[in-house]
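[1] Sequence first, predicted model second:
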Amino acid sequence: MKKITLATLALSAATLVSAQSNNPSSNYIPCSGFSISIPVRDMRDQTEAQREAAALHHDEIEANREAIKAAILSKRFSRFVKAKEETDPAVQATDGVKTLTAPIINVDGQTMSSGCPPDPDGAVGSTQYVQAINSSYQVFNKSGAALTGVKDLVTLFPGSSDDGDPIVLYDKFADRWFIAEFEISKSPVELLVAISKTNDATGAFYIYKFTNPGWSGSNFPDYPKYSIWSDGYYVTNQWPLTGSGAQIGVMDRARMLAGKSSAGIVYTTAPTPPDYFGGNNSLFCSAKTLDCDASAIPPYGTPTYMAFFENTNSGGYSDEIVLYKMVHDTGLKTLTITKSDSLAPLAFNAYFTGGTEQEITQPGLANSLDALDGTFNFRVPFMSFTGYNSIVLCNTVNTGGLVAGIRWYELRQSGAGAPWSIYQQGTYAPSDGSSRWNGSIGMDQDGDIGLQYSVSSGSVYPSIRYTGRMASDPLGTMTGTETTVVTGSTTAVNCGNRWGDYSETTLDPSDNVTFWNTNEYDRGGAEATRIFSFELTSPKGIQNLIDLSEFKVYQTGNDLNVIASKLPSDDQVQVDMFDIVGKQLSTQYVKPTAGNLQIQINVSSLPKAMYFVRVGNINYQRVFKVELN
């Protein structure tokens, strides 16, 4: 990476202080490069020499990023006075009592012996799982067996500097893979994005490069995080490294899926100044956008949202969850961001050590790992149910004495564009002296919530565990007994105090109830990663009964038949039909008789294509994908 001078750092920090708070006009930029890769299966595996070179290169990048952050933090904390620690009224100090099933798939992923942090990330598709770390990726089948060797990310992005911060998503609405990293040590600074040509991640990819004229030197899009929405692939980045505020972008999803070189990106700047939240570590104030896990994508034109939190203990002006509405006009190529909701959660403390990144204790090393405390964890899953929408979020909090717990939330809105509210919240922190952090959260089609995370203490090497709750359980409580995925065997010292920087939980599109996850642990002095899946089950509840129901959705001539039997009740059911971009085409209300229903939807005017049918009410739903002929 290019060396960054102290003068540049001072200028960058000074620019941050003077950032404007208004929402400037949007800026449309065509992609700066397009190509088509050879099939991944035909690419050469990463060699040991490539792995070591990539690790050393990434270490240099991290050192320079840390220098920039230190300069910014000195500016931010010059005005900061830490608030008095408060008792967290949402703490769940005891473990849940419902025994959870053991992991379904539980295998080792890629490993880093040097080059920090690994940034473990991955997503599940219809038949495969793809994992990425700095700076490589690998394809697995859903039994956990490797379909390819470890591939250097430079094989997807030839000629790049392979700088890392990888993200993997699966666009289940198009059956395509999305793999991204950034390039910050060469000019121009670029976001690199690969879209698979088919649903086979071992095949060929369309390769896109996106830049911004304002990116250079210390002003680059750090910590980019992506999400899928009907009108584009959204991207956010950290605020403190962007000079004039966070650059929020939306990429032309339709053209990228079609392999069009004309795809571009619309940028705008977040309307809030970057010191709105006085975050205190390497990930402070990195807002996240909603990533659609619903079985049907929101209708085209439905606004998405950007979420972050404030915390008084961390130098913010209040304890609140802040949501900004984002409206993307694909015709005018504009992105408008306006403040939507400010939600007051129960008090929490996100302050640890004021930027030292040395908070989490492990055997033999007190306060030695980064708590990753300044932001909502990646991702923010969005689920659409009959009658309401939900998102789930989580972040690291200090429960006292630098013992970390995980504050989690479910927010709800009554429909698209309606105000959001906090439906439930809790801080998962069993009082055993262990820290729980670096979490990721998900929700299944029944409204059950899964949560996986790192665990460490003076007697527990960095490990991975998970918990969860069912939709019918008492609000604000993780009722599942904490379940171990893998137990670490050594103290993490290879990365100094770095950990993460993130993990990922995604929902299996094949059944919409299986959570697939990746996170890191320490084994033999290396930053090892794990790939694992689990389900949540609810004995004798309505969700369990709906699993016993039988559905048939099929076409005969001009009619689409929807037949269900063994439904859990005779309460009125809503049957909706959507097209592939989320437009609601029809709605019928049906009252089952003895747990049975049968209706027909006239589809004579619809073209041959893929559609979604949703059957359900406020208590349950099932969604079916059907192709009309």
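    Thanks, I have it.

[2] rest of the way, CA atoms for contacts and neighbours
    Noted.

[3] What count of nearby residues applies to the residue nearest to G595 when sequence neighbours are not counted?
    Leaving aside its sequence neighbours, G595 sits nearest to L567 (C-alpha to C-alpha, 6 or more residues apart in numbering; 4.4 Å). Applying other C-alpha atoms under 10 Å, we find 22 other residues in the vicinity of L567.

[4] ok, now how distant is L567 from P592?
    Separation of L567 from P592 (C-alpha to C-alpha, to the nearest Å) stands at 8 Å.

[5] swap in A347?
    45 Å.

[6] partners of the nearest residue to P462 once chain neighbours are set aside in the sheet?
    Distance criterion C-alpha to C-alpha, 6+ apart; nearest residue to P462, sequence neighbours excluded, is S456 at 4.6 Å. Per DSSP bridges, the residues bridged to S456 are S435.

[7] Kindly report the same for L323.
    Applying DSSP bridges, one finds that L323 bridges with A307, D341.

[8] looking at it, it is touching I337, isn't it?
    No: the criterion here is C-alpha atoms under 8 Å, and L323 misses it with I337 at 10.1 Å.

[9] isn't D579 right up against V603?
    No: D579 is beyond contact range of V603, at 11.5 Å (criterion: C-alpha under 8 Å).

[10] since we're on N389, how many residues are nearby?
    For N389, the neighbour count with other C-alpha under 10 Å is 18.

[11] scratch that, S533 is what I was asking about
    For S533, using other C-alpha under 10 Å, the count is 23.

[12] Wait, a strand at it?
    Yes: per DSSP: H, G, I helix; E, B strand; the rest coil, S533 lies within a strand segment.

[13] before we move on, the earlier item: isn't the residue nearest to G595 right up against S549?
    Yes: if you go by C-alpha under 8 Å, L567 and S549 touch, sitting 5.3 Å apart.

[14] Give me the below-cutoff pLDDT ranges for the chain.
    Along the chain, segments meeting pLDDT under 70 span 1-24, 58, 61, 63-86, 113-115, 217-218, 239-246, 271-285, 354-355, 538-546.

[15] repeat that for 50
    The chain contains residues with pLDDT under 50 at 1-23, 78-79, 81, 240-243, 273-283, 539-542.

[16] any chance you could map the helices in it?
    For the chain, the helices defined by DSSP state H cover 6-17, 48-76, 253-257, 542-547.

[17] coming back round to it: distance of the residue nearest to G595 from N619?
    Counting by C-alpha to C-alpha - L567 and N619 are separated by 12 Å.

[18] what's the answer for E535, then?
    Distance from E535 to N619, by C-alpha to C-alpha: 19 Å.

[19] Test my guess that P299 contacts G582.
    Yes: with contact defined as C-alpha under 8 Å, P299 counts as touching G582 (3.8 Å).

[20] Quickly list what's touching both of these two.
    Common neighbours of P299 and G582, counting by C-alpha atoms under 8 Å, 6 or more residues apart in numbering, are S230.

[21] what's next to stretch 301-311, contact-wise?
    With C-alpha under 8 Å, 6+ apart as the contact definition, stretch 301-311 has outside contacts at 229-231, 276-278, 285-290, 316-329, 348-350, 375-376, 416-417.

[22] Select only the buried ones of the residues you listed in PyMOL?
    Buried members of those, defined by 16 or more other C-alpha atoms under 10 Å, are picked up in PyMOL with:
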select buried, resi 229+230+231+277+278+285+286+287+288+289+290+316+319+320+321+322+323+324+325+326+327+328+348+349+350+375+376
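
[23] my read: N398 touches A347, true?
    No: between N398 and A347 there is no contact under C-alpha under 8 Å: 11.5 Å.

[24] how close does the residue nearest the centre of the chain sit to N438?
    In the chain, the C-alpha nearest the mean C-alpha coordinate belongs to R379, at 1.7 Å (C-alpha atoms, centre = their mean). Distance, R379 to N438, using C-alpha to C-alpha: 12 Å.

[25] cool, and L372?
    Separation of L372 from N438 (C-alpha to C-alpha): 7 Å.

[26] intersection of neighbour lists for these two?
    Each of T396, G500, D501 lies in contact with both L372 and N438 under the rule C-alpha under 8 Å, 6+ apart.

[27] Using CSV, lay out these together with distance to R41 and neighbour count.
    Below are these laid out as CSV (distance: C-alpha to C-alpha, whole Å; neighbours: other C-alpha atoms under 10 Å):
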residue, distance to R41, neighbour count
T396, 38, 29
G500, 28, 23
D501, 28, 23
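
[28] Distance to S431 for the residues you listed - can I get that in a markdown table?
    As requested, those are exported to a markdown table (distance: C-alpha to C-alpha, whole Å):
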| residue | distance to S431 |
| --- | --- |
| T396 | 16 |
| G500 | 23 |
| D501 | 25 |
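
[29] Let's see which of the residues you listed end up in strands.
    Under the assignment DSSP state E, those contribute T396 to strands.

[30] so which of the shared contacts of L372 and N438 comes closest to A528?
    G500 (11.0 Å; C-alpha to C-alpha).

[31] Please, where are all the strands along the stretch 51-200 of the chain?
    Secondary structure of the stretch 51-200 of the chain (DSSP state E, counting those that start in this stretch): strands located at 91-92, 106-112, 121-124, 128-133, 136-141, 151-152, 167-171, 176-183, 190-196.

[32] ok, and which of these has the densest surroundings?
    For the strands of the stretch 51-200 of the chain, average neighbour numbers computed from mean count of other C-alpha atoms under 10 Å are highest in strand 121-124, which has a mean of 28.
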